Every structure is written in C-alpha cells, then in structure tokens.
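following is a predicted model, sequence given first.
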Amino acid sequence: MAVDVDIKQLLEAGAHFGHKTSRWHPKMAPYIHSKRGGIHIIDLAKTFDGLNQATQFISNTSAAGKQILLIGTKRQAQPIIKDAAVATKEPYVTERWLGGMLTNWNTIGNRVKHLKDLESRMESGELANRYSKLEVQRYQEEIDELNRIYGGVKELNGRPGAIYVVDVITESNAVREANRLGIPIVGIVDSNADPTLITYPIPANDDSIKTISLITGYMRQAIEEGLTKRAKSTPAKAA
C-alpha cells in the first residue's frame, strides 16, 4: 500500500511558503505557483507529485534491503531526523557533515570501528580493570564525543541506497558527495535552491518545523512500508 500523501496537511503545515522573491533560484520556476507579500508561493500540486515519487522510490529502495541515510543538521531538523532514523533503524547525520562521509568512507569507517571497539571494551569491564578511574573517565568522554560525531552512522554499511536531506543548501556537501558517487538523493527543495541537483526533489518550505516533520514522517512511512514488503518476501525466497 502506497504512502497516503495529504495535500491538505501540506497546506496546514505551511509547506507552500517559499523565501523572499529576491532570493529565489531561477531553476525553481516550474515549482512556483505565485508571489504573495514579497515571497514565492510553492505549487503544492508539484509538492504532492514530488512526494508521491519520492516515497515510492524510498519504499522500493528499502524493500531491496538498501539503507537510507537521513540527513538534517539544521537545528529544527535534528530531533525530527533522529527520531525517524531511530524508529526505522536507519543511519543518520544530525551533527556537522564530515567531508568524505560518503566519498572517503574507509577513513570514517576506521573512526567508527575505533568507537565500537572502545564501547565493547568499556562494556566488558576491560577498561575499568586495566586503568584508573580518571583514565576510564577520559575514555568515556572520548566515547561520548565520538558518539556525538559518528553515533548516527555506526551501523552504516558502506554506501547507502539513497540519502534524504531536509535542506539541500545546508547539506550541500552531502549532496555533492552523493552526486559524485551516483547515490540517489531525495530532498526538500525550497524556492532558493537548485532542484536539478536532486534526484527526487520535493518542493517545499525547508524551514518550518511542521513541514519538516510532515515530510519526514512520509519518508518514515515509506521506509517502514519497504521493510514490511522485504519481510514478507524473505520467507517466500527462502522457500
């Protein structure tokens, strides 16, 4: 069953409010409905279409057993992205994007491996048995800091099947790396951004907490739908 996108909810969430007309990106012209009070009004019919295409793609990608990397480092997006990722057991980035997160995964992966090793040694009691309380405390502080930076991608298995970004300008480095590797991108694209950089653009307000929450919620539903389809098909394949 496809994700049920509700255009009324998009309207109520203020998804149609773009930026000031002076800040618009000309390539967003096909997605602009009108101007009002010096700002661009995004065509919610286009948002609706973009969401339907994006959720179908995300569902299929998830059903194929591929991971979806959720990205939202701007303040209002961080808790929404983390909640959706934790609920679906997908990797996420809510702190600063580290250069090479996708294009130089070997280096990032080594840091993640180091973090997992420290956590394992702390949990087993090895560090407590070998070091003083002060030294153990310092190890714990290192673990906490590494988790802050890499915690969301501890279970990322190399290259994801797709990335979802809340703000394609804020996450421009992630978008650049994904495009370089040919990783499909689903992204909320406001009136000031270039939609041609995004595989599945969703024209919408990328600043409103309500809009971010609503659209990310649709992405979550799509992932869950894909996981359900995969779970149903696995026994059949095994048989």
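All right, it came through fine.

only C-alpha atoms from now on, for both contacts and neighbour counts.
Fine.

show me where pLDDT drops low in this protein?
1, 235-239 (pLDDT under 70).

spatially central, which residue of the chain would that be?
Taking C-alpha atoms, centre = their mean, the centroid of the chain lies closest to L70, which sits 1.8 Å from it.

is it correct that that residue falls within a strand?
Yes. Membership of L70 in a strand is supported by DSSP: H, G, I helix; E, B strand; the rest coil.

residues contacting it?
Neighbour list for L70: 81, 85, 90-93, 163-165 [criterion: C-alpha atoms under 8 Å, 6 or more residues apart in numbering].

any chance of TSV for these, columns secondary structure, distance to L102 and neighbour count?
Shown next, in TSV, are these (DSSP: H, G, I helix; E, B strand; the rest coil; distance: C-alpha to C-alpha, whole Å; neighbours: other C-alpha atoms under 10 Å):
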residue	secondary structure	distance to L102	neighbour count
I81	helix	18	27
A85	helix	18	23
E90	coil	15	22
P91	coil	12	25
Y92	strand	12	28
V93	strand	12	24
I163	strand	10	22
Y164	strand	14	26
V165	strand	14	28
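
for the chain, longest helix please?
Longest helix of the chain, by residue count under DSSP state H: helix 209-238.

would you mark the buried spots in that one?
Buried residues in helix 209-238, counted by 16 or more other C-alpha atoms under 10 Å: 209-227, 229-230.

picking up where we left off before, now for the contacts of L70: which two are most distant?
E90 and V165 (13.6 Å; C-alpha to C-alpha).

what about the closest residue to L181 other than its chain neighbours, is that helix, strand or coil?
Nearest residue to L181, sequence neighbours excluded (C-alpha to C-alpha, 6 or more residues apart in numbering): T103, at 7.2 Å. Following three-state DSSP, the label given to T103 is coil.

same question, H33
Recorded secondary structure, H33: strand (three-state DSSP).

which residues in the protein form helices?
Along the chain, counting by DSSP H, helices occupy 7-12, 44-63, 78-88, 105-124, 126-130, 133-150, 172-181, 209-238.

and the third one, how far out from the chain middle?
The chain centroid and the centroid of helix 78-88 are separated by 9 Å, computed with C-alpha atoms, centre = their mean, to the nearest Å.
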